[in-house]
Every structure is written in C-alpha cells, then in structure tokens.
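In: Turn this into a structure:
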Amino acid sequence: MEFLEGKEKFIQSWGALGSNWGINRTMAQIHALLLISPESLCAEDIMEELKISRGNANMNIRALIDWGLVHKELKTGQRKEFFVAEKDMWTIVKNIISQRKKRELEPMLKLLDELSSVEGTDENSEEFSKMIKEIKLFSNKADSTLDRLVKAEPNWFVGTFMKLIK
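Out: As a prediction, the model looks like this:
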C-alpha cells in the first residue's frame, strides 16, 4: 500500500471510529490528520487536505482544543494559527475518558440523584425506585473506576489491562 492510500484509509477509519468515542466524523478526521502530520497545520491546510469548509474546520478545531486533543502552536513571523495534535496516546485516551465522563456520566448521575427521591408505595413506584438505586450504584462504581483510570500511570493501566485479557 502506498503512503497516500494508507494516509487516506487511516483518516477515513479514524473518522468512522470518532462516533464511538463521542465526536463527529469530521472532528475525528481532523484529529487523525493532525496526529500523523509531522508538523503543525493551519486551518487552510486542514481545509484543503480534507476538502471541508472554513466554518466546519474552525468549529471542529475549537472542539478538539476543548477536548484537549489539539493545541495551538505559534510560529514566529506567521499571522496564521497553527494546530498540532496531542501525540501521547495515554493522554489522548485520558482526555477522551474525561470528556465523555463529563458529558455523559456526570449528567446521568445528577439525574439519578434526582430520581432517587421519587416517592410512592405501590408496586410500580417500588420497582422504579429499586431500578434507579441499582443503576445509580453501577453508575457510581463506573464513575469511581473512570476517576482511578484517568489518574493512573500508563504502565499500571497496561499491566492491569493485560491481566484482564489473559
């Protein structure tokens, strides 16, 4: 496989995977392009490479910055903004976990806290309360596990993961 074919396949595949970790396809494709670029790229370079509009590029670059997956880089004598991807995979994984936790799990925990106070003594109310309690228990365990994972050292995570899959 030639480099350009491999590059295109990687960008397209990373884009498809993006939806699995909570971002849109274009955002993931920009991330993929910046991951494999040896130098930082400006928005125009990204637009040209991925054939996307300026608005689409700018919106998704800002979102990647918010996720901590991309950083601005200043170049002396240049007025343009340049962008570089975080290249440490452990940091990328931790940032994705943190963002998904903040956007998905934390609002769910807040909702479950609210729902825990539902009152009633009939069969439906009791079943509802029982299920909310079980979901809340599981969600709190997931929350604490993710907190430990984000704070963990990479070699601890890899060692633990390898033990789990053996």
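In: and the closest residue to residue 119 other than its chain neighbours, how many residues sit next to it?
Out: Closest residue in space to residue 119, ignoring its immediate chain neighbours: residue 125 at 7.2 Å, by Cβ to Cβ, 6 or more residues apart in numbering. Yep, even glycine has a C-beta here, placed from its N, CA and C like the rest. Residue 125 has 12 neighbours, counted by other Cβ atoms under 10 Å.
In: give me the element residue 125 is part of.
Out: helix 123-151 (DSSP states H and E).
In: before we move on, back to that, what about the residue nearest to residue 119, distance to residue 132?
Out: 11 Å (Cβ to Cβ, to the nearest Å).
In: returning to what we had before: unless I'm mixing things up, the residue nearest to residue 119 is touching residue 118, no?
Out: Yes - Residue 125 is within contact range of residue 118, at 6.8 Å (criterion: Cβ atoms under 8 Å).
In: now residue 56: how far from residue 73?
Out: In terms of Cβ to Cβ, residue 56 sits 21 Å off from residue 73.
In: ok, back up a step: what sits in contact with each of residue 125 and residue 132?
Out: residue 118 (Cβ atoms under 8 Å, 6 or more residues apart in numbering).
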